[in-house]
Structures are given as structure tokens and as C-alpha cells.
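Visitor: Sequence and predicted structure, then a few things I'm wondering about:
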Amino acid sequence: MTNPKEHNLTAKQLSFCEHYIQTRNATKAARLAGYSPRTARQQGSRLLSNVDIRAFLSQRYKEVAMSSDEVLMRLANIARASLTDYCDENGTIDWPKVAKDGYALKSMKRGGKLEFESKLRALELIGRAHAMFIDKIAPTDPTGTKEYGADAREELISRLISSPAAKATDGEAGEADE
């Protein structure tokens, strides 16, 4: 963990930093750190402009942030999780295993029934991270039946097909002029 002494922070400034990381609100963080509620807004702004505080916050964000590899690893664990991963050979819940990587579990119902996070959602997020899907990005009319600009696009395509360059290659893509 980042050492506040190497950043020359007072205890109050350190408290502000930790509250700011949690709330992302400088005024609220200043109030929670013990600065006057009447001047908390100005204090929060002033504290965020302090070079030592900015360096400390930057370092702390690096420490608490999850890398993209870790996010993908956790999503993969959710997608692969099964009940057998969290039960021993007798069918009883292996609580140390749940405590270690229980993020694949959504909740526990009465009687010890485990509910898992959505595997489908985890797979979808992994697929999006690997750009495996194409989202519809063209806006449509209010009925959702026709894309705006579809007429102009069709007209452009027909002009390109009937252009002299397209006729020179008989409309075949990939042929080179000799």
C-alpha cells in the first residue's frame, strides 16, 4: 500500500484521500475528513489541486484498480463455475472455497442453496471484450423498422455499382486492371 509519509500528507489529508476514493466527491470527502462543512467545497477543490494529494490518489487508484486481464479472468471463472466447485465430495458447501473466490456466487438461499451469477452475461461480456459481436449502431425511425439514411445508402450503392469503374471489371470485386 502507498505510504502517505512519502507523499508528505497529514492525517487529515490522508483521510480526505481515502474518502475521496470511496465517494468521488471532493466536498463530501472534505466533510468526512473533518474539514468545516461551511468551507468543505472550497477545501475539497483546494485539496484536489495539491500536487502531493494528486500523486497519492494516482498511486492509490493504481493499487485498487482491477486490470483488464483480472476482469476477464473473473468473468471466465463465473462462466465456468459449477456447484461442484463449491461443494466437497459429500455435497456440503466448502466455505473456504466460497470465501476465496465466491464472486461467482450471486446469493445463498435458505437451506444452503447457492445461486450463481449469470453465466450467459459473463460470456456476453467476455465476447464484447474480444469484439466478437456487432451491435446495431444505425438509428431507426420511431417504429424501429427502417434505418435513417437507408434510402441514401441504397442510392449510393446503386451509383457505385453502375459507375464506369464497376463496369470495367464487370462488377466483380477483386479483379485488377491489366
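Guide: Noted; the coordinates are in hand.
Visitor: switch to C-alpha atoms for all contacts and neighbour counts from now on
Guide: Noted.
Visitor: The protein: strands as residue ranges?
Guide: Assigned by DSSP state E, the chain shows strands spanning 105-109, 113-116.
Visitor: which residues of the chain score low on pLDDT?
Guide: 1-7, 112, 134-142, 144-153, 156, 163-178 (pLDDT under 70).
Visitor: Helices of that one, residue ranges please.
Guide: Ranges of helices within the chain are 11-23, 26-32, 40-48, 51-64, 68-80, 95-101, 119-129, 150-161, 164-168, based on DSSP state H.
Visitor: how does this protein divide into domains?
Guide: By the record's domain assignment, the chain is partitioned as 4-64, 68-128, 137-173 (automatic domain parsing).
Visitor: how about the ones you listed in CSV, adding mean neighbour count?
Guide: Formatted as CSV, the domains of the chain follow (neighbours: other Cα atoms under 10 Å):
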stretch, mean neighbour count
domain 4-64, 16
domain 68-128, 14
domain 137-173, 12
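Visitor: rewinding a little: compare the helices of the chain and give me the one nearest Y86.
Guide: For Y86, the closest of those is helix 95-101, at 6.2 Å, according to Cα to Cα.
Visitor: Now do the closest one: everything it contacts.
Guide: For helix 95-101, contacts defined as Cα atoms under 8 Å, 6 or more residues apart in numbering pick out Y86.
Visitor: what's the distance between it and the middle of its chain?
Guide: Relative to the mean C-alpha coordinate of its chain, helix 95-101 is positioned 24 Å out (Cα atoms, centre = their mean, to the nearest Å).
Visitor: what do you get for stretch 98-107?
Guide: Relative to its chain's centre, stretch 98-107 lies at 20 Å (Cα atoms, centre = their mean).
Visitor: Check the separation of the first and last residues in that stretch.
Guide: 11 Å (Cα to Cα, to the nearest Å).
Visitor: got it, and stretch 99-111?
Guide: One end of stretch 99-111 to the other measures 18 Å (Cα to Cα).
Visitor: Go ahead and confirm T27 touches L48.
Guide: No: T27 lies out of contact with L48 (Cα atoms under 8 Å); the separation is 10.3 Å.
Visitor: Including distance to T143, could the helices of the chain go into a markdown table?
Guide: Shown next, in a markdown table, are the helices of the chain (distance: least, Cα to Cα, whole Å):
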| stretch | distance to T143 |
| --- | --- |
| helix 11-23 | 41 |
| helix 26-32 | 44 |
| helix 40-48 | 47 |
| helix 51-64 | 45 |
| helix 68-80 | 36 |
| helix 95-101 | 46 |
| helix 119-129 | 27 |
| helix 150-161 | 15 |
| helix 164-168 | 36 |
